[in-house]
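In: got a predicted model here, sequence first, then my questions.
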Amino acid sequence: MRVETCHFCSRPAYPSKGITFVRNDAKMFRFCRSKCHKNFKMKRNPRKLQWTKAYRKAAGKEMTVDSTLQFAARRNVPVRYNRELWQKTMQAMSRISEIRSKRERVFYKKRMAGKRERELARDRKLVQTHSHLLPRMRGSEKRRLAIEQGLAQEEINRLEEENVLPVKTNKPFGKEKIRQKVRIDGGVEEEAPDNDMDIDSE
């Protein structure tokens, strides 16, 4: 059973699966699915589409030079059937695929090393350069962050004096309600808001 390679995305195209396109000059193109066939007919470059193997190899996301990749090269050399040779070939194929998967994992780890630090540095730079676009935090949120960062009470008091953190007050958040009384003669009388919220028990 021969497993062909897709002409567009380089995925395996198994027997009785996919599409075979024969051009007028008798050249055959094998595609693993209709998506690759349609992109080929639209004359798109596989090196510019991120889901193809050609793009990943050109962008350095996959191994390009490795001894295990040479075994996948197509060889049209007729060989007389030999059972021992066939058994050795099957063992070698499983061993080669195992070695290739290990090398691909090592290649991925080396490629992704330091990615988290680079992302954090990029995010910090973005926050510093575009801090005016961030929503303003409430005073209670700033105090909570200062406490979570482990600042002492003296440090918090010093930041409040420097107007970095707002002074803690018991005033409710939002606009105070203005109470009005309508008199019998038609006039309106405003009442001063109560500062204390205590309820007298009878």
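Out: Everything's here; your move. Residues are numbered from 1 along each chain as shown.
In: poorly predicted segments of the protein, please.
Out: Filtered on pLDDT under 70, the chain yields the residue ranges 1, 74, 137, 156, 160, 163-177, 192-202.
In: separation between the residue nearest to the spatial centre of it and S34?
Out: Centroid check for the chain by C-alpha atoms, centre = their mean gives E119 as the closest residue, at 10.8 Å. Distance, E119 to S34, using C-beta to C-beta, to the nearest Å: 37 Å. To be clear about C-beta, it is placed using only N, CA and C from the backbone, and glycine gets the same treatment.
In: kindly check the end-to-end length of stretch 66-84 for me.
Out: End-to-end distance of stretch 66-84 (C-alpha to C-alpha, to the nearest Å): 27 Å.
In: and if you look at stretch 29-36?
Out: By C-alpha to C-alpha, the extent of stretch 29-36 from end to end equals 11 Å.
In: quick one: contacts of that stretch?
Out: When contacts are defined by C-beta atoms under 8 Å, 6 or more residues apart in numbering, stretch 29-36 is touched by residues 4-9, 11-13, 17-23, 37, 40.
In: do that again at 6 Å, thanks
Out: Here stretch 29-36 makes contact (C-beta atoms under 6 Å, 6 or more residues apart in numbering) with 4, 6-9, 11, 13, 18-21, 37.
In: list only buried entries from the residues you listed.
Out: Buried members of the contacts of stretch 29-36, scored by 16 or more other C-beta atoms under 10 Å, are 4, 6-9, 11, 13, 18-19, 37.
In: out of these, who's nearest I99?
Out: The shortest distance between I99 and any of the buried ones among the contacts of stretch 29-36, using C-beta to C-beta, involves R11 and amounts to 21.0 Å.
In: look up the closest residue to that closest one, ignoring the ones flanking it.
Out: Closest residue in space to R11, ignoring its immediate chain neighbours: C32 at 4.7 Å, by C-beta to C-beta, 6 or more residues apart in numbering.
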